[in-house]
Every structure is written in structure tokens, then in C-alpha cells.
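# Show me how the following folds:
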Amino acid sequence: MGAFVRDPAPVTADPTATADHPPLTRLKGVGPGMAQRLQRLGLHSVADLLFHLPLRYQDRTRIAPIGGLRAGMEIAIRGEVQLTEIKHGRRRMLLSRISDGTGAITLRFFYFSTAQQAGLARGSRIHCFGEVRGGAGGLEMVHPEYHLLASDAPPPAAEHLTPVYPTTEGLRQPSLRRLIDQLLDDPTLLAEALPELLPAAVLAALAMPGLTAALHYVHRPPADAPLAQLLDGLHPAQQRLAFEELLAHQLSLRQLRHRHDRHRAPALDNDTLAQALIGRLPFALTNAQRRVLAEIADDLRRPRPMQRLVQGDVGSGKTVVAALAALQAIGSGHQVAVMAPTELLAEQHRQSFAAWLEPLGVTPHWLSGRSKGRAREATLAALADGSASLVVGTQALFQQGVEFARLGLAIIDEQHRFGVHQRLALREKGARDDSYPHQLIMTATPIPRTLAQTAYADLDVSVIDELPPGRSPVETVVIADDRRDAVVARVHAACREGRQAYWVCTLIEESEALQCQTAQETAETLHAALPDLRVGLVHGRLKAAQKKAVMAAFKAGDIDLLVATTVIEVGVDVPNASLMIIENAERLGLSQLHQLRGRVGRGSAKSSCVLLYKPPLSHVARQRLATLRETGDGFEVARRDLALRGPGELLGTRQTGLLNLRIADLQRDQALIPAVGQCAEQLLREHPERVPFLIRRWLGDRLRYGEV
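Have a look, this model is predicted:
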């Protein structure tokens with residue numbers, strides 16, 4: 001393997017001396033038009049261009065004999081023009097036949113000039129590179145890159161592999177290569193654009209090259225470079241760049257956390273009400289719940305804002321932990337806001353909180369986008385004057401006009417559905433003289449540890465990794481849609497035995513109206529097929545009161561079979577429901593399927609989930625359904641989901657910053673995460689002056705969560 005290019009001597013002793021990235025107009029050949037084309041690729045500065053890495057590489061370092069060519073090869077050849085002519089057919093084209101004594105090949109051009117035709121005259125010597133294809137008259141290359149050879153002396157072969165970059169309309173590969181070569185050949189401009197910001201001791205400990213050496217290698221790999229390793233993004237030079245990018249994101253989150261920790265928060269230390277609820281619960285808390293509750297309680301007692309994420313698989317008991325945290329805040333004389341992404345989930349929380357807290361004298365108030373008239377005005381007034389100690393609702397909680405007298409704790413459920421800015425907007429509702437409310441964030445979407453360390457580095461993370469005793473595992477089966485009659489019979493048998501069932505309808509289209517229509521038609525079909533069962537229907541277009549009534553009837557046992565869209569994905573708790581049918585299961589992601597499956601198995605009875613699919617299955621869909629069949633562990637499901645779909649979909653598309661990784665890949669590069677964390681601590685401790693430059697280099701003017 002070729003050696004790394006030695007980093008040039010630094011231009012300045014201080015690597016942070018250059019405050020601004022040199023603009024691309026510093027480069028020869030970059031005028032307004034070229035700059036505009038580069039901007040379409042997100043390239044605004046010299047540093048951006050250097051971090052615009054190749055998608056793949058071409059080997060132009062060896063010349064192949066024409067007689068040994070095969071269709072599909074991408075190769076460099078050299079020969080003499082035997083014949084050049086224009087052919088007229090459906091398309092006018094230029095054909096040039098070349099030979100090197102071992103064989104002959106045709107070069108085909110659909111776009112050409114008179115000068116080009118003249119240059120390819122008989123006897124001209126040519127060096128070209130392209131993909132070999134099979135044609136009617138034998139092997140050919142269509143629009144190869146070529147240059148004419150001026151003498152009999154053989155041209156020097158390329159010294160390194162040739163990069164192929166992501167590009168855009170009007171910007172050809174040779175132009176990009178020339179600009180990047182211009183940078184790599186100018187050590188002064190290179191050092192000015194990208195001074196080394198990682199300490200030498202860190203690079204030595206990690207056995208990583210310097211930044212300039214890594215960039216030289218990635219843009220100009222030697223002829224003997226390990227191509228498979230480069231294409232997988234696992235070469236040490238690429239890992240060096242990925243490491244620094246992950247480090248910049250980690251530092252931005254830690255800075256955010258540091259800013260949070262400078263604020264004050266009310267110290268909430270009265271747990272009398274919380275202990276009273278624990279004494280009244282009809283079940284014992286699990287050890288995991290007690291551990292997480294102790295971590296939260298300790299945070300709430302401190303006079304700085306808690307920022308804690310609680311992860312727990314479906315059914316692990318996060319809601320009661322949130323209720324106990326709420327009581328510690330209420331017992332200390334402060335208000336609590338509980339925000340959920342949907343009215344259905346928020347209503348489920350309101351009912352749970354009411355059942356647990358009302359006997360202790362705490363009545364939850366309600367606020368959603370559909371709250372109107374006197375009820376809404378009364379809730380707003382109670383929040384403003386402090387007479388309402390607890391409010392449950394949706395995004396309406398942070399809208400204009402909602403004021404809190406003394407908000408001490410904000411609880412956000414399924415926060416990845418909101419996005420960071422909405423979470424911060426609710427936090428701002430409780431800001432008073434540099435004092436902010438505590439925040440407890442919950443998710444039933446388990447996130448692999450390495451991903452959580454990167455995505456939520458500004459949060460403390462607690463995990464409820466234990467299910468309550470008595471919960472039965474859910475048997476999952478995968479059945480093709482042509483066996484629907486057998487599935488309907490299974491539903492009938494389960495309901496006749498006194499159990500209840502869900503039938504979930506999904507569509508690949510995002511249209512809520514179409515999903516509701518499908519659910520309506522499915523409910524009618526099942527009602528006709530099973531006339532002795534009580535069939536209910538719930539979907540996103542029902543009015544809140546209608547949804548509430550249907551869910552209450554299902555929970556009370558007055559409905560045997562509930563046909564629903566994915567609105568029941570989270571928050572619904574009906575212990576007597578032991579069977580779930582999910583239609584078109586191949587169209588849903590692993591996380592969503594696991595969430596839906598979690599609606600059954602909440603009682604002691606044996607429970608089942610049937611994944612109905614329409615064949616044929618894609619490879620990825622087959623893997624997803626196999627995962628659900630093989631495991632009920634939410635963290636294992638999340639790990640496989642990350643491998644299949646990537647972090648963007650697992651975390652939710654509204655997460656900002658994380659999804660803008662340019663070089664790093666959280667699945668591929670997760671082994672770097674522990675060292676990234678250690679390096680972040682070392683930089684903050686020993687070289688804090690370098691931190692803002694690292695963040696700016698990789699995040700530009702985007703702050704991870706905004707200035708807060």
C-alpha cells in the first residue's frame with residue numbers, strides 16, 4: 001500500500017489563526033458561473049471542495065492491450081487510428097477505429113465537432129479511457145475520455161487512481177479534478193484552508209494520519225491502494241476525516257450542554273406525593289424503573305436544568321416513571337407540562353395520569369389544537385395564574401398565548417416526532433430570569449448506544465431495560481396475503497374465546513385520506529365476514545371525541561375487533577387485546593412494526609402478531625419481517641433497523657445537524673464513537689481555543705440546535 005504524503009510544515013504556528021475559510025473564487029478558473037455550479041453541490045469554500053470526496057475510483061495507471069478487452073471493463077488503452085468516418089442513421093455519429101497490433105476497437109461519438117473529426121485522422125496516435133461495450137461491429141467505447149499523442153514516445157501512465165466525484169449539470173469530472181488538484185498542489189492555500197486542529201498526541205494515539213496527508217491520499221490514492229477498503233470508506237485516511245467530523249458534532253452538542261448547565265433551574269426536592277403514589281400502585285416497580293427514577297429524582301433536586309432522555313422498550317413502564325417525576329415537581333410547588341405528538345397518545349397519557357394522580361388531589365388539564373372556547377380559555381387562565389399544576393397536550397402547549405406561572409418540568413414523549421426546536425420552544429415557555437424548567441424526554445424507540453452517544457450527546461441517557469413481570473412474549477408470524485381467509489378465521493376464534501384483536505391498515509401512500517378510506521373498507525369487509533363480532537373503527541380523521549369514545553369502548557371490552565390505521569402505534573394499552581394483524585407489513589419500517597406489535601402482549605395471555613404481506617418481497621423487506629419473527633428485543637430491533645435504514649430514519653427526519661454528515665456514517669463508523677468522546681473531553685480540557693474552529697469547519701454557520 002502506498003505511503004501517506006507527508007504533511008507540509010505549518011504556515012502558522014497557531015492552527016486557529018485563520019478565522020475564515022478561503023472562498024472558491026481564490027482558485028484559478030472559478031468565476032461566477034463556475035461558483036454557482038459548485039454551490040449546487042453545496043460547495044462554497046475551499047474546505048468544502050476538499051471535503052467533496054470521490055464516489056469511486058478508476059484505474060488509469062495501466063494500459064491494457066486491446067486484444068484482451070472484454071465488455072464491462074473500464075480501462076485505459078492506446079493505439080493508432082485506422083479509420084474515422086461519419087455515419088448517418090437515426091442519429092449522426094462519428095466512428096473511429098483504432099488498433100494497437102493486438103486487436104481493434106471502435107470509438108463512438110454522438111456529439112462531435114469538425115476539429116475533433118480532423119484530429120482523429122488516420123495514423124493519429126491516441127490514448128483513451130472508457131467503458132468497453134459490445135456493439136454490432138464488435139467491441140466499442142462510447143464517448144471515451146481521450147487525448148492525442150504528439151510523438152512516438154509512450155505517454156507516462158497515471159501515477160495514482162483517478163477519482164470520480166459527485167457532480168451536477170454543467171460540471172464535468174475533469175473540471176472538478178483540476179480544481180481539487182490545484183488545491184492539493186498549493187500547500188500554502190491548503191494549510192490556510194484546513195490547518196491541523198487535532199493535537200499530534202491524539203493522532204499518534206489513534207494511529208491516524210494528519211489532515212493534509214489524509215486528503216492527499218483520498219483524492220489521489222496510489223496505484224496499489226486497497227480499492228475495496230476505499231470503496232467501503234474504511235481506509236485510515238477516510239476514517240481520519242470521519243473521526244474529525246464526528247468530533248465536531250460531538251463538540252457542538254457538548255457546547256450546547258455546557259450552555260444549558262450555566263442556566264439555573266428550580267430545585268425540586270419534595271417527593272412526598274411521589275412516594276404516596278408508589279404506595280398506592282397495584283403493581284411493584286421493576287428494578288430498572290427504580291434505577292431510572294432515582295437518576296431523575298437526583299437531577300430534579302439540583303439547581304440546574306435536567307436534560308435527560310429515558311429510553312424504554314414498548315411496555316417497559318415509562319409513563320409511570322414520568323408520573324412520579326411530575327409529582328416530585330408538583331410537590332415542590334411547580335407546574336408540569338406533558339407533551340405528546342398526537343392527540344390519541346396525549347389523551348392516553350391524560351387518562352393514565354388522571355387515574356394515578358387524581359386520588360392524590362392532582363387533576364390533569366388538557367390542551368390541544370382542537371381545544372376551543374371556554375374550556376381552552378379556562379385552561380390558559382389556570383396555567384397563567386398557577387392554579388393548574390399539570391397540563392397534558394400536544395404541540396399546542398408551546399404556541400403563542402400559552403403562559404405558565406412557574407413551569408418546573410417539561411415531559412416530552414416520542415420526542416423524535418417533534419424535532420429539536422419544538423422541544424426547545426416548550427422549554428422557553430418556562431424561562432424566568434435565566435432560570436429554565438427541567439426536561440424529561442421519553443422514547444419507546446430504542447436507540448443503539450453508539451447512535452445515542454452521537455445524536456444525544458447533549459442529554460443524559462437512562463434506559464429502562466426490563467419489562468414488568470407477567471408480560472408474555474408476542475409470537476410473530478409472517479403470512480402471505482393470499483391466506484387472508486385463514487387469518488380472518490384466526491381472529492374469529494380469538495375473539496370468540498373472549499380476547500380482543502387489532503387489525504391495522506397501512507398504505508404506501510402518505511395520504512391520510514387514503515389510509516382512512518382503506519380502514520373504512522376493511523372494517524366493512526370484516527363486519528360482513530364476522531357478523532357475530534363487534535367491529536370498531538378508529539383513524540386519524542375521526543373527531544377527537546369519536547376517537548376517544550371508540551378507544552374507551554375497546555378498552556372496556558365493548559368492541560371485539562378494532563380496525564385502525566397506525567394512529568394506535570403508541571400509547572394504547574388494552575391488556576385483553578392478544579392478537580394483532582398488520583396489513584402490508586412489508587411497507588413499514590422495523591421500528592414502526594415493533595411499536596405496533598407492542599400494543600399486544602400487555603396482559604398475561606399468550607399473544608400473537610400476524611404480519612400480512614403481498615408477495616413478492618424485496619430483499620430488505622424480507623430482512624425486516626425476519627427480524628420481527630426472530631426477536632422481540634427492542635434494542636436488537638433498533639440495531640438491525642439502523643443497519644437497514646440508517647440513522648436518519650431511525651431518529652426521525654426532523655433531527656437537525658445529525659443528518660448533514662458529509663463524510664462520516666454512523667453505522668459504518670460506530671467503532672470511532674468512544675475515541676471521539678475521549679478526544680472531545682481532551683480538546684475541551686487542553687485546547688478549548690480550537691473547538692469553535694473545528695465546529696465551524698464541519699457545521700459551518702449551522703448550530704446543532706440553535707443558539708439557546
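# just checking, what packs against the stretch of helix or strand residue 487 belongs to?
According to DSSP states H and E, residue 487 maps onto helix 484-496. In terms of contacts (3 or more CB pairs under 8 Å, 6 or more residues apart in numbering; DSSP states H and E), helix 484-496 is packed against strand 500-504, helix 512-529, strand 577-582, strand 607-613. Bear in mind the C-beta positions are built from the backbone N, C-alpha and C, glycine included.
# For that helix, buried residues please.
For helix 484-496, burial by neighbour count (16 or more other CB atoms under 10 Å) applies to 487, 488, 490, 491, 492, 494, 495.
# quick one: contacts for the second one?
By that I understand residue 488. Residue 488 makes contact with 526, 529, 530, according to CB atoms under 8 Å, 6 or more residues apart in numbering.
# Weed out the non-buried ones from those.
For these, a burial check counting by 16+ other CB under 10 Å picks out 526, 530.
# and residue 212, which of the three is it?
helix (DSSP: H, G, I helix; E, B strand; the rest coil).
# Wait, it touches residue 193, no?
No - using CB atoms under 8 Å as the test, residue 212 is too far from residue 193 to be in contact (10.1 Å).
# if we can go back for a sec, JSON lines for the buried residues of helix 484-496, including distance to residue 274 and pLDDT?
Below are these laid out as JSON lines (distance: CB to CB, whole Å; pLDDT from 0 to 100):
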{"residue": "487", "distance to residue 274": "45", "pLDDT": "95"}
{"residue": "488", "distance to residue 274": "47", "pLDDT": "96"}
{"residue": "490", "distance to residue 274": "43", "pLDDT": "95"}
{"residue": "491", "distance to residue 274": "42", "pLDDT": "96"}
{"residue": "492", "distance to residue 274": "45", "pLDDT": "96"}
{"residue": "494", "distance to residue 274": "39", "pLDDT": "94"}
{"residue": "495", "distance to residue 274": "40", "pLDDT": "95"}
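# Relative to residue 265, which of those residues is nearest.
Closest approach to residue 265 among those (CB to CB): residue 494, at 49.5 Å.
# was I right about the closest one contacting residue 501?
Yes - at 5.7 Å, residue 494 counts as touching residue 501 under the criterion of CB under 8 Å.
# quick one: common contacting residues for these two?
578, 579.
# can you list the residues that contact stretch 254-274?
With contact meaning CB under 8 Å, 6+ apart, stretch 254-274 is reached by 297, 300-307, 324-325, 327-334, 360, 362, 406, 408-409, 434-438, 457-459, 680, 684, 691, 695, 703-705, 708.
# Can I get the buried part of those residues as one ChimeraX selection?
Buried subset of those, written as a ChimeraX selection, criterion 16+ other CB under 10 Å:
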select :297,300,304,305,306,307,324,325,327,328,329,330,331,332,334,360,362,406,408,409,435,436,437,438,457,458,459,680,691,695,704,705
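# re earlier: save the helices and strands packed on helix 484-496 as a markdown table, and put in distance to residue 475 too.
Below are those laid out as a markdown table (distance: least, CB to CB, whole Å):
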| stretch | distance to residue 475 |
| --- | --- |
| strand 500-504 | 14 |
| helix 512-529 | 22 |
| strand 577-582 | 10 |
| strand 607-613 | 5 |
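# is it possible to export these to JSON lines including distance to residue 338 and mean pLDDT?
Shown next, in JSON lines, are the helices and strands packed on helix 484-496 (distance: least, CB to CB, whole Å; pLDDT from 0 to 100):
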{"stretch": "strand 500-504", "distance to residue 338": "25", "mean pLDDT": "94"}
{"stretch": "helix 512-529", "distance to residue 338": "25", "mean pLDDT": "79"}
{"stretch": "strand 577-582", "distance to residue 338": "24", "mean pLDDT": "94"}
{"stretch": "strand 607-613", "distance to residue 338": "28", "mean pLDDT": "94"}
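# buried stuff in stretch 202-216?
In stretch 202-216, counting by 16+ other CB under 10 Å, buried: 202, 203, 206, 208, 209, 210, 211, 212, 213, 214, 215, 216.
# want to throw these into TSV with pLDDT?
Shown next, in TSV, are the buried residues of stretch 202-216 (pLDDT from 0 to 100):
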residue	pLDDT
202	89
203	92
206	89
208	93
209	95
210	94
211	95
212	95
213	95
214	96
215	96
216	96
